[in-house]
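**Q** Sequence plus predicted model, see below.
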Amino acid sequence: MNKTTMRAVGYRESLPVGDPESLVDVELPVPEPGPHDLLVKVEAVAVNPVDYKIRQSNDPGGAIKVLGWDAAGTVVAVGEKVGTFKAGDEVYYAGALDRAGANAEYHTVDERIAALKPATLSFTEAAALPLTSLTAWEGLFEHLGLENGGLHREGALLITAAAGGVGSITAQLARALTSLTVIGTASRPETVEFATRMGVRHVVDHRRPLVPQLAEVAPDGLTHVFSTANTDGNLAAYAEALRPFGRIVAIDDFDSLPIGVLKAKSISYHWEFMFTRSLFRTPDLDRQRHILTQIARLVDVGVLTTTAVKDLGRIDAANLREAHRVMESGTAIGKITLTGF
């Protein structure tokens, strides 16, 4: 490839999303792939809460920082130690938090955390899946201790914000690969409809007290909770609604947690952060490639569907600012995507 510069979107200082300088169009050098890297021509990206949280809290002090941790594209070059992919392969991935993001024409990613994209999906549809699918899979099957395909196990799973990016793919996986009764929280007619379409069997309103609603739909109690939002505020309700020896996995951020309420029932609490493997270069780093490969297969046989709901057009600063604005509002349903430069 002869091209040496590329279009990208980044920011130089932490500013409110309404400020036109909060995200700007820039020209940057095309990155060089490291030994284990793929150089990917980015075709589509998706936006997650991590994007705006980093923009708000991590001020680069005038240097350009590129965000974006969901991408789908075509491999154009590979590092010298890459053995899994070749130029021309169509891939999807979430990337690594300690590397430049994918809001750029070309992007480098470690081959061990990328996979061939679902063949039945467009780049845009595929870009919606990696980060949330990894989060959901690790949360369900690694932290909550559920068995992939464990259809013999009975119980009830609560997913908060079930119409959100993580919630909507978690619901699909739980519905398809476990026998748990899937319960989700949602409050608006459009979020109730989407959560139900994604696999939630019973919907409870997170704006009302959870315990009496859960008692109606799961009279024997919950066995598992996948908490995507307001974990600190809901923990007492989880403790009351869960059976003894229940499990909670959480992905949101907060300053403190009254975890003592879990002791009497021996309820276990787990964190899920899908960037842990890449941040700490764990020995099982390639586990994420295997998870994404399984997700792609489940999509291609019709078990899972994309959670892409709205595409905002080309990948540029104006459209990404709008995506951040919607994400910050807390009203997003499924995933927001952008396509092409």
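**A** Nice, I can see it. Numbering: from 1, shown residues only.
**Q** what's the pLDDT at the nearest residue to residue 3 once chain neighbours are set aside?
**A** Leaving aside its sequence neighbours, residue 3 sits nearest to residue 30 (CB to CB, 6 or more residues apart in numbering; 5.8 Å). All C-beta spots, glycine's among them, are computed from the backbone N, C-alpha and C. pLDDT recorded at residue 30 is 98.
**Q** was I right about residue 30 contacting residue 107?
**A** No - shown here, residue 30 and residue 107 do not form a contact pair, counting by CB atoms under 8 Å, at 9.6 Å.
**Q** what residues do these two have in common as contacts?
**A** Each of residue 39 lies in contact with both residue 30 and residue 107 under the rule CB atoms under 8 Å, 6 or more residues apart in numbering.
**Q** which of these two has more neighbours?
**A** Neighbour totals were compared for residue 30 and residue 107, and residue 107 leads with 28 against 21 (other CB atoms under 10 Å).
**Q** What helix or strand is the more buried one located in?
**A** Taking DSSP states H and E as the criterion, residue 107 maps to strand 106-110.
**Q** The next helix-or-strand element following that strand pairs with which strands?
**A** Downstream of strand 106-110, the first helix or strand assigned by DSSP H and E is strand 114-116. Take DSSP bridges as the rule and strand 114-116 pairs in its sheet with strand 90-93 (antiparallel).
**Q** rewinding a little: could I have the strand holding residue 107 exported to PDB, CA atoms only?
**A** Coordinates of each C-alpha in strand 106-110 appear next as PDB, following Å, rounded to 0.1, in the frame of the first residue of the first chain:
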ATOM      1  CA  TYR A 106      -6.600   2.600   8.600                       C
ATOM      2  CA  HIS A 107      -6.200   0.900  12.000                       C
ATOM      3  CA  THR A 108      -3.900  -1.600  13.500                       C
ATOM      4  CA  VAL A 109      -5.200  -4.400  15.800                       C
ATOM      5  CA  ASP A 110      -3.600  -7.500  17.400                       C
END
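**Q** Give me the contacts around it.
**A** Under CB under 8 Å, 6+ apart, the answer for strand 106-110 is 3, 6, 30-34, 36-42, 71, 73, 76, 91, 93, 95-96, 99-102, 278, 285.
**Q** Also stretch 147-161?
**A** Under CB under 8 Å, 6+ apart, the answer for stretch 147-161 is 141, 146, 167, 170-171, 174, 177-186, 200, 204, 206, 214, 217-218, 220-231, 234, 238, 241, 243.
**Q** Where does the residue positioned nearest the centre of the chain sit: helix, strand or coil?
**A** Centroid-nearest residue in the chain: residue 132, 2.2 Å away (criterion: CA atoms, centre = their mean). Of the three states, residue 132 takes helix according to DSSP: H, G, I helix; E, B strand; the rest coil.
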